[in-house]
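Peer 1: Any chance you could fold what I've pasted below:
(2 chains)
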Number of protein chains: 2
Amino acid sequence: MFRHVVMFRWNEDVTAEEVSATRRALDGLPALVPTIRDYRHGGDAGVNSGNFDYVVVADFDDVDGYLAYRDHPDHLALIAEHIAGRVADRAAVQYEVA
Amino acid sequence: MFRHVVMFRWNEDVTAEEVSATRRALDGLPALVPTIRDYRHGGDAGVNSGNFDYVVVADFDDVDGYLAYRDHPDHLALIAEHIAGRVADRAAVQYEVA
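Peer 2: A predicted model of the protein is given here:
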């Protein structure tokens, strides 16, 4: 299995409504990108200080499945509408999962 | 389900041997911390530039399971031996998984 993990820290002016719209858009991606095997995203629970604001964990069969997602037009459209311009910081890792 | 995600960027002087020892130590944690339900960690695959170096994704039944892990002596000992002092940057999110 190949896993993609990405975290975002929102800009200070991003609203709860905008985050809700992002969440709904992310919820729609698995139906649009056939290589997604598991897709779990959500906002930080507030248990610890200093955390990022939002995380997406996406599982694929292999790196090619991830690349098909990364470059999928619906994924790129989501990034353009909901992520780009709203993110103060981003952290990502892709890795092979035993 | 409650998920903990943490990424690290190693200091420049951290060696491959040290990362291998960290990986083995992490592999041992699920046997020591009974609230862990799933534990998948690994080094960045090198597909994209600008990524962090290592990620841990840990699943628990609920936030209490996560807190038992966060504060578990074996976890704290691992952090003291393998993480603290070796990390240039850290990014974390904990979140409720539907």
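
Peer 1: Spell out which residues belonging to chain A are near chain B, please.
Peer 2: Contact residues (Cβ under 8 Å from any Cβ of the partner chain) of chain A with chain B: A:2-3, A:5, A:7, A:40-45, A:47-48, A:50-55, A:57, A:63, A:66-67, A:70, A:91-98. C-beta: built from backbone N, CA, C; applies to glycine.

Peer 1: repeat that for 7 Å
Peer 2: A:3, A:5, A:7, A:40, A:42-45, A:47-48, A:51-52, A:54-55, A:57, A:63, A:91-97 (Cβ under 7 Å from any Cβ of the partner chain).

Peer 1: And the buried ones among those, selectable in PyMOL?
Peer 2: Entered in PyMOL, the line below selects the buried ones among the residues of chain A next to chain B, by 16 or more other Cβ atoms under 10 Å in any protein chain shown:
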select buried, chain A and resi 3+5+7+40+42+43+44+45+47+51+52+54+55+57+91+92+93+94+95
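
Peer 1: Could you give the bridge partners of A:Met7?
Peer 2: A:Val55, A:Ala91 (DSSP bridges).

Peer 1: can you tell me which of the residues of chain A next to chain B are in helices?
Peer 2: The helices, defined by DSSP state H, take in A:Val63 from those.

Peer 1: for the top helix by length along chain A, which positions count as buried?
Peer 2: The residue-count maximum for a helix in chain A (DSSP H) belongs to helix A:16-32. Using 16+ other Cβ under 10 Å as the test for burial, helix A:16-32 gives A:Val19, A:Thr22, A:Ala25, A:Leu26, A:Leu29.

Peer 1: JSON lines please, covering these and showing distance to B:Glu12 and pLDDT.
Peer 2: Converted to JSON lines, those look like this (distance: Cβ to Cβ, whole Å; pLDDT from 0 to 100):
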{"residue": "A:Val19", "distance to B:Glu12": "35", "pLDDT": "97"}
{"residue": "A:Thr22", "distance to B:Glu12": "35", "pLDDT": "97"}
{"residue": "A:Ala25", "distance to B:Glu12": "38", "pLDDT": "98"}
{"residue": "A:Leu26", "distance to B:Glu12": "35", "pLDDT": "98"}
{"residue": "A:Leu29", "distance to B:Glu12": "36", "pLDDT": "98"}
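
Peer 1: So which of these is the closest to A:Ile83?
Peer 2: A:Ile83 lies nearest to A:Thr22 out of the buried residues of helix A:16-32, by Cβ to Cβ, at 7.3 Å.

Peer 1: in terms of contact, does the closest one touch A:Ile79 like I think?
Peer 2: No: counting by Cβ atoms under 7 Å, A:Thr22 does not reach A:Ile79; the two are 10.2 Å apart.

Peer 1: Run through who's touching the longest helix of chain A.
Peer 2: Residues outside helix A:16-32 that contact it (Cβ atoms under 7 Å, 6 or more residues apart in numbering or on different chains) are A:Trp10, A:Ile36, A:Tyr39, A:His41, A:Gly43, A:Val56, A:Asp74, A:His75, A:Leu78, A:His82, A:Arg86.
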